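# Need the 3D shape of this:
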Amino acid sequence: MITNSSRREFLATMASAGVYMTSSRLLKGQEAPAGRVAIGLCPGYNRQVVDVLSKLFDQLGGIEKLVRGKTVAIKINLTGPSTARLRYISQGMSYWSNPQVIAAAVYLFGRAGARRIRILESAWATTEPLEEFMIAAGWDPRVMQSAAPHVEFENTNFLGSGKTYARFMVPHGGLLFTGYDMNHSYQDCDVFVSLAKLKEHSTAGITLSMKNCFGNLPCTIYSMDAPTDEPALAPVSGRDLMHTGVRQPPKSAPPAVDLQAPREGSYRIPRAVADIVAARPVDLALIDGIYTMNESEIPETRRQHVWLNPQLLIAGANCVSTDAVAMALMGFDPMADRGTAPFETSDNMLRLAEHLGVGTRDMSRIEVAGPPIQKVRIDFRHPPAPPPENGPSPA
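Next up is the predicted model:
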């Protein structure tokens, strides 16, 4: 595992070699590491998910060395309230990480010898156990818990079972904040996995394995309702503080880099995401694109969402490279910048993370295993007809 301190040492070495540009707090993107990314086709949420995911792991060189004897933390994506749905379609079939994919990953990590597996998410505006949040959405947490020995859940939207928050400082001072305080679970692990959904985002353009980590932030600290001095005991709203910048987090949290930074989400969110994945590195990025939807990260009545069946699972050891491949599979150019789809109104978080030295978005430097991208690409801006409305069983 690449620890926070070892990554800082690595970036410090790059700085001494003249790679770091102090005037912009950025590293030259061409120095960012590249990672192999594996693509697999899986038509539905069934037993085939395990086989496809297992093949992806083999194409990455196997996961036994990564997880054997380790505590593995899996940050899943359950954004928004448990009641939001795309028409009648369940969350896992449209915009959440699907429980079958989560269970398959848990099973394979357990089979590879993981000592303990922790499923993490910041459940919307509540301190209830993560399992209860899942049950309210119609899920059975036992599907995931029984997939391997020693599986635990934690709602990371507050202090949870920890006594203190874990602090993650961003190498070279960060782009938005110098550091971020998170639930202890993001520190008390040997391997950190981001298991995301293949989606667009209304503010940040796309939400994949990197943007999924924005949900690491507890709303007891990064909410407009957080106290002035210390974290709240319980979350009562979302992370609007991060979007608007009209106030700062509690004084107990690391400070902002620039108090005069633009107060718009399209500037702030991409920088926060780049900061977070630099400070709390992702060891394995997984993206569920078997079923999803287009246009935004959560169903909105003002949007004309199309329910999609890309039939894709994506895995990679580098979150920036993995998201670059996922963008290409969505019909987008990972090299795009503000003003070009999907970043018409936001900055490209991949570019920002690349310049922080996290990973490359340059497709010419990324080794891709699996079917050719051009043969399995789905154009999210001109999507195909949705699958039959009776579809597969809800999950």
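# residues near H382, how many?
9 (other C-beta atoms under 10 Å). Glycine gets a C-beta too; all of them are placed from N, C-alpha and C.
# which residue sits closest to it, ignoring its sequence neighbours?
G331 (7.7 Å; C-beta to C-beta, 6 or more residues apart in numbering).
# Now that neighbour: phi and psi?
Backbone geometry at G331, expressed as degrees, to the nearest 10, gives phi 90, psi 20.
# Run through the residues that contact it.
The neighbours of G331, taking C-beta atoms under 8 Å, 6 or more residues apart in numbering as the test, are 377-382.
# Then P342?
P342 touches 200-201, 205-206, 327, 330, 332, 336, 380-381, counting by C-beta under 8 Å, 6+ apart.
# if we can go back for a sec, as TSV, the contacts of G331 with distance to P99 and pLDDT would be great.
TSV is the format used below for the contacts of G331 (distance: C-beta to C-beta, whole Å; pLDDT from 0 to 100):
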residue	distance to P99	pLDDT
R377	27	97
I378	23	96
D379	28	96
F380	24	97
R381	29	95
H382	30	94
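# Out of these, which comes closest to D188?
Using C-beta to C-beta, F380 is the member of those that sits closest to D188, with 36.4 Å.
# Surely the closest one forms part of a helix?
No - in this structure, F380 is coil, not part of a helix, as judged by DSSP: H, G, I helix; E, B strand; the rest coil.
# Make sure it is actually in contact with L329.
No - the pair F380 / L329 is not scored as a contact, 9.3 Å apart, by C-beta atoms under 8 Å.
# tell me the mean pLDDT over stretch 66-86?
Mean per-residue pLDDT for stretch 66-86: 95.
# thinking again about what came up before, are any of the contacts of G331 buried, and which?
If you count burial by 16 or more other C-beta atoms under 10 Å, the buried members of these come out as 377-378, 380.
# any idea how far S90 is from the closest residue to A136 other than its chain neighbours?
Distances taken as C-beta to C-beta, 6+ apart put S82 closest to A136, at 4.2 Å, once the chain neighbours are dropped. S82 sits 11 Å away from S90 when distances are taken as C-beta to C-beta, to the nearest Å.
# so what sits against both of the two?
Both S82 and S90 are in contact with A137, where contact means C-beta under 8 Å, 6+ apart.
# mind checking the SS state of the residue most central in space within the chain?
In the chain, the residue lying closest to the centroid (C-alpha atoms, centre = their mean) is N212, at 2.2 Å. In the three-state summary, N212 is assigned as helix, counting by three-state DSSP.
# What separation do you get for it and D240?
Using C-beta to C-beta, we find N212 at a distance of 19 Å from D240.
# what's the answer for R268, then?
Taking C-beta to C-beta as the measure, R268 and D240 are separated by 11 Å.
# okay, how far is it across stretch 328-335, tip to tip?
One end of stretch 328-335 to the other measures 10 Å (C-alpha to C-alpha, to the nearest Å).
# coming back round to it: right, and the residue nearest to the centre of the chain touches I74 too?
No - in this structure, N212 is not within contact of I74 by C-beta under 8 Å, at 10.6 Å.
# what sits in contact with each of these two?
Among the neighbours of N212, those also in contact with I74 (C-beta under 8 Å, 6+ apart) are L195.
# What is the burial count for the residue nearest to E295 when sequence neighbours are not counted?
On the basis of C-beta to C-beta, 6+ apart, the spatially nearest residue to E295 that is not a chain neighbour turns out to be R303, at 4.6 Å. With neighbours defined by other C-beta under 10 Å, the count for R303 comes to 15.
# repeat for R68
Residues lying near R68 (other C-beta under 10 Å) number 12.
# What separation is there between the residue nearest to it when sequence neighbours are not counted and D51?
Counting by C-beta to C-beta, 6+ apart, G113 is the residue found nearest to R68 once chain neighbours are left out, at 3.6 Å. The spacing between G113 and D51, counted by C-beta to C-beta, is 19 Å.
# now the strands for the stretch 1-150 of the chain?
Using DSSP state E, counting those that start in this stretch, the strands found in the stretch 1-150 of the chain span residues 20-21, 26-27, 37-41, 71-75, 116-121.
# packing partners for the fourth one?
In terms of contacts (3 or more C-beta pairs under 8 Å, 6 or more residues apart in numbering; DSSP states H and E), strand 71-75 is packed against helix 99-111, strand 116-121, strand 191-197.
# Also the third one?
Packed against strand 37-41 by the contact rule (3+ C-beta pairs under 8 Å, 6+ apart) you find helix 48-59, strand 312-316, helix 319-329, strand 368-369, helix 373-376.
# Would you point out the helix or strand in the protein whose mean pLDDT is lowest?
One helix or strand of the chain scores below all others by mean pLDDT, DSSP states H and E: strand 20-21, with a mean of 34.
# Having no further points to raise, I will conclude here.
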